Every structure is written in C-alpha cells, then in structure tokens.
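Undergrad: prediction below, plus the sequence it came from.
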Amino acid sequence: MKIRKITELSLLTGLALIIFVVELRFPDILPVPGGKLGLANIITVYAVYKYRACEVFLLVLARIILGTVFASNFSALIYSLSGALFCLAGMLLLKRIIPVRWLWLCSTIGAVLHNTGQIAAAIAVMQSFAVIYYYPFLVFCGCIAGAFTGICAQLVVNRIGRKGRSYNEKRLFYD
Amino acid sequence: MEITKGVVICLISVIVIFIASAVTSFIIMHSSDREDPKENNGTNYVEIVQDNKIVYIFDLNSESDRTFRIECPKGGWNDITIENSQIFISDSDCPDKTCVNMGKLRSEYAPIVCLPHKLVIRFSDRGDE
C-alpha cells in the first residue's frame, strides 16, 4: 500500500469518526433500537466506489471499533459490526452492477442490508424473535436514511470528480 | 446517461421494499393498539423476559401503580413503572436509553426491548397458570 493511499484512508477514517461522534449528540428521533441516520456512511459509500474492497473493509472496521470506544457503548458493537459487514458486502457486490451515477441506489440497498444484519444479530443475541417486529419499521427508515446519505456521497463524488486531483479517478469511478 | 438493466432491477426492488416495509410497519404500529385494556376478558397479562427466561408475569389491570428495578446479571438495571394499567421502562443505565424512549407498551406486535440487558416486555396470552 502506498503511503499516499494510507494517508487518504486514515483521513477518511478520521472524517467518518468525527461525523459519527457529532451524530451521537443528536437526540434519538426514532424509538427503535438501532434507528438513526448513519451519516458516517457517507464516507463508507464514497470509499466503496473509490477504493478496493480490502481497503474499504479496513476503513469500516477501524471506524466501527474506534467509534465504539468513543461512544463507550460496547454492547452495541456486535450489532453495528454485523450490520456494517452485511452492508459492506452488499455494496461491494452492487458496485459492479450500479454505476457511480446511481450511487444513492447502492447506498439505499446498503442501508436495508445494514438493518437486516442488525436484526439478525439481535435475534442471535437475544435468542428470541421479539425484535423482528421492528424490522419493517427499521427498513422503512433505513431506505430514507440510506437515500439521504447516498445523495450526500453523490455530491462529494461529483465535486471531487470535477475539481479534485485524486489519482486514477476516471478508471476507478467510471470503468 | 443510459440506464442499465441492473440499475432498473435494483431501482424496482428498492421501491418494492420501501412500499412493503411502509405498509407492514403501518399495520404493525396501528392496527394492534390495545386502546381499551379491559377488552381481553378484563385481564391484561404482561410478561417480562430476561435472557430468554420469563422473570415476571402479571395482570396489568390488577396491579397497583409502582416502580421496580430489574437487575441484569452482567451489571446494569432497568426501572420498570406500572401506571394506570400501563407499563413502561422509566429509567435505565444503558447509554442509548432506547428502551425508555419506546414509551408505553401498547401493541402486542411491538414489545419493549432493551438490547444491552437482553430484556423484553410484551403482552402474554398464557397468564392462566
């Protein structure tokens, strides 16, 4: 891995962590476990389209583990981890089908997969299906939140694509 | 700006998922409200499940207003309040307080869940014993 790439990835991780910590301060809008906007996923979606799979994986893993430390909410680690890995796997596959112009679509499906992973982890941990009644509600909110973060990421991609001098831009974005 | 077949499929599936989840959550949240707690033969059984084991089961209609604390074996607690034949979690030491924000137990399809303490409060149909 080139030093430049390491720097970019760690910068993105730091950015995602800042967004995550700021979002912690928001009041809970939804009375459902795991229901929140997930603004830090703007960085994840952006990285999915810009970097290779293993690089995005490292970024997301670092963001979640450090985010759990900052939020001091270790019981939530397994839910965010399983949700994020589901979401990441789905988005990395969808990246091959969905071009960058439709990035928000990829993000929306990723959000739904994130909720699926969370509920699956909750069922496994609680060994009861009590939480499954929240699944439709979570998916409904996940669609909206995913589309929103996707549009944000789309704006970022458009701006960097026009003005930025990032390397291999055309090849990575438009192949 | 051409639209590929894969995009169309994803777009349609997202729309279907969105509408389906909206309809399902609307049904779950609204159709099963127990507006009248007395309707169920005058009893209203609620069970409190911790770590997949039932720790309390009681009839809300015959309970007096009170607040009690359930300790989690791994540390932590939830304060549960019964008021006017309704039950809710009034306080908890977990960081997110999602269970407190869930409010009162209204529907049999939407239990109150506290994920960090593995606690579930829900309506029960086996209060006979």
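TA: Thanks, I have it.
Undergrad: in the chain, which residue is most central in space?
TA: Picked chain A for this. For chain A, residue A:41 is the residue whose C-alpha lies nearest the centre (C-alpha atoms, centre = their mean; 3.2 Å).
Undergrad: if you could check chain B rather than the one you did, that'd help
TA: The centroid of chain B falls nearest to residue B:111 when counting by C-alpha atoms, centre = their mean (1.8 Å).
Undergrad: now do the phi/psi pair for that residue.
TA: Main-chain torsions, residue B:111, degrees, to the nearest 10: phi -70, psi 160.
Undergrad: I'd say it and residue A:132 touch.
TA: No - using C-beta atoms under 8 Å, residue B:111 is not in contact with residue A:132; the gap is 10.2 Å. For the C-beta atoms, the positions are set from N, CA and C on the backbone; glycine is no exception.
Undergrad: what's the neighbour count on residue A:72?
TA: Residue A:72: 7 surrounding residues under other C-beta atoms under 10 Å in any protein chain shown.
Undergrad: nearest residue to it in space, please, no chain neighbours.
TA: Nearest non-adjacent residue to residue A:72, counting by C-beta to C-beta, 6 or more residues apart in numbering or on different chains: residue B:95, 6.6 Å away.
Undergrad: so that neighbour belongs to a helix, correct?
TA: No - Residue B:95 is assigned coil when assessed by DSSP: H, G, I helix; E, B strand; the rest coil, not a helix.
Undergrad: report the contact partners of it.
TA: Contact partners of residue B:95, counting by C-beta atoms under 8 Å, 6 or more residues apart in numbering or on different chains, are A:71, A:72, A:73, A:76, B:116.
Undergrad: now do the SS call for the nearest residue to residue B:94 once chain neighbours are set aside.
TA: The shortest distance from residue B:94 to any non-neighbouring residue, by C-beta to C-beta, 6+ apart, is to residue B:116 (4.5 Å). For residue B:116, the secondary structure call by three-state DSSP comes out as coil.
Undergrad: surely residue B:116 touches residue B:76?
TA: Yes - look at residue B:116 against residue B:76 with C-beta under 8 Å: they come within range, at 6.6 Å.
Undergrad: now chain B, which segments are flagged as low pLDDT?
TA: Along chain B, segments meeting pLDDT under 70 span B:1-2, B:31-43, B:96, B:109, B:126-129.
Undergrad: ok, the residue nearest to the centre of chain A - contacts?
TA: Neighbouring residues of residue A:41 by C-beta under 8 Å, 6+ apart: A:87, A:107, A:110, A:111, A:114, A:146, A:149.
Undergrad: that one and residue A:82, how far apart?
TA: Plainly put, residue A:41 is 15 Å away from residue A:82 if you go by C-beta to C-beta, to the nearest Å.
Undergrad: repeat that for residue B:70.
TA: For residue B:70 relative to residue A:82 (C-beta to C-beta), the value is 26 Å.
Undergrad: where does the residue nearest to residue A:117 when sequence neighbours are not counted land on pLDDT?
TA: Counting by C-beta to C-beta, 6+ apart, residue A:117 lies nearest to residue A:86, which is 3.1 Å off, once chain neighbours are set aside. As summarised for this prediction, residue A:86 has a pLDDT of 92.
Undergrad: go on, residue A:55?
TA: 91.
Undergrad: that one - nearest residue in space that isn't next to it in sequence?
TA: residue A:9 (6.0 Å).
Undergrad: give me the neighbour count for that neighbour.
TA: Per other C-beta under 10 Å, the neighbour tally for residue A:9 reads 18.
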